[in-house]
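S.K.: sequence first, then the predicted structure, then my questions.
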Amino acid sequence: MVHMRMRFALVFAASLLSAADVKNFSKTVPLDANGRFSLDTYKGSIRISAWDRPQVDVEARIVADTSGSFVVPVEDVEIRVEGGGASARVKTDYRKRGSLFHEGSLPFVHYTIRLPRGASVQVKDYKSESEIAGVEGDVEFETYKGTARLDGLRRTLHLSTYKGDIRAIFAAFTAASRVDTYKGTVDLSVPRNASFDLEADLERRATLDCAFPVTIRSSREGSRFRTGVNGGGAELRVSSYRGDIRLRAQ
C-alpha cells in the first residue's frame, strides 16, 4: 500500500510538472481589411494565414525549453497584444523577473495567427520556424537565423536575415522589393513573365543563381549590376556578403 501511494504521488507530481511546462494564450482583436499587423518574437514557430474577417486571431502555445541547466518557467512569458482597427501589435515579452538573462533556456512560443487578407505584415524574429501564406499586403520579414516560407506574395517584400534559410514565392511581382542576407540562403520564385528591374550588390563570397536571362558581371570585389527583365518594371534589389541567393522563374 505504501509503495502504491508513493507511485501515485510520483505520477501526480510528474503530471503537474508537465502541465506547468506549457501555457496557452488566445485573443482576438479587430483589424481593418487593409490594416497593419506586427509581431516581435524570439524562438519557436510562426504560422500566419489570411482570412476574410476584419479581425486578427492570435493563438500561442508557450512551451518550456528543458535543454539547458536553467529552465525559465512559462509563467515568466507574457504575450502582449495591443492596438486594433488600423493596426495591431503582438510581442513575446520575456522580461518578467529578468528571464532575458537566461537566453539559452527561454521558452518556445508557437504562434498561429489569422488576419485579413489585405493586411500588411511585419515580423521581427530571432530563430523561429515561420510560414506566411495568402497575405496580399506588404510583407516585412526579419530573422537572425530562423527558417521561413513566404507564399503567395503580391506586394512589397522587405526580407532581411543574417544566416537564415528563406523561401519566398511571389504570386505576382508588382511592387519594389528588397532582399538582404549576410550568409544565409534565400530562394526567390517570381512569375516567368514578370517585368522588373533586378539590382544586385554581392560581395565576392556571395552567389546569385538567376533563371532569368541576365548577364552577371563579377570581379574580385564581387558583383554589382542593374538590368531590366522582360522590359523592366518594379525594382527587385538583392544584396549579400557571403550568402546564396537563387532567383527562380515559375
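M.R.: Okay, I see it. All values reported here derive from a predicted model rather than from experimental measurement. Residues are numbered from 1 along each chain as shown.

S.K.: element containing the closest residue in space to Gln250 that isn't next to it in sequence?
M.R.: Beyond its immediate neighbours in the sequence, the residue positioned closest to Gln250 (CB to CB, 6 or more residues apart in numbering) is Ser189, lying 4.7 Å away. Heads up, the C-betas are built off the backbone N, CA and C, glycines and all. Of the helices and strands defined by DSSP states H and E, Ser189 is found in strand 185-190.

S.K.: so what angle separates the directions of the helix or strand that comes right after that strand and strand 185-190?
M.R.: Beyond strand 185-190 in the direction of the C-terminus, DSSP H and E gives the next helix or strand as strand 196-203. Strand 196-203 runs at 170 degrees relative to strand 185-190, counting by axes from the mean of the first three to the mean of the last three CA atoms, to 10 degrees.

S.K.: just checking, what packs against strand 196-203?
M.R.: Identification of packing neighbours for strand 196-203 by 3 or more CB pairs under 8 Å, 6 or more residues apart in numbering; DSSP states H and E yields strand 207-210, strand 222-229, strand 234-240.

S.K.: compare the mean pLDDT across those and name the weakest.
M.R.: Mean pLDDT is lowest for strand 222-229 out of these, coming in at a mean of 86.

S.K.: ok, that one: who's next to it in the sheet?
M.R.: Using DSSP bridges, the neighbouring strands of strand 222-229 in the sheet come out as strand 196-203 (antiparallel), strand 218-219 (antiparallel).

S.K.: tell me the average confidence for the longest one?
M.R.: It refers to strand 196-203. For strand 196-203, the per-residue pLDDT averages 93.

S.K.: put the alpha carbons of it into CSV.
M.R.: Taking C-alpha atoms only, strand 196-203 is exported to CSV below (Å, rounded to 0.1, in the frame of the first residue of the first chain):
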residue,chain,number,x,y,z
PHE,A,196,11.1,44.0,-63.2
ASP,A,197,14.5,45.7,-62.7
LEU,A,198,17.0,43.4,-61.0
GLU,A,199,19.6,45.2,-59.0
ALA,A,200,22.3,43.1,-57.3
ASP,A,201,25.0,44.1,-54.8
LEU,A,202,27.0,40.9,-54.0
GLU,A,203,30.4,40.7,-52.2
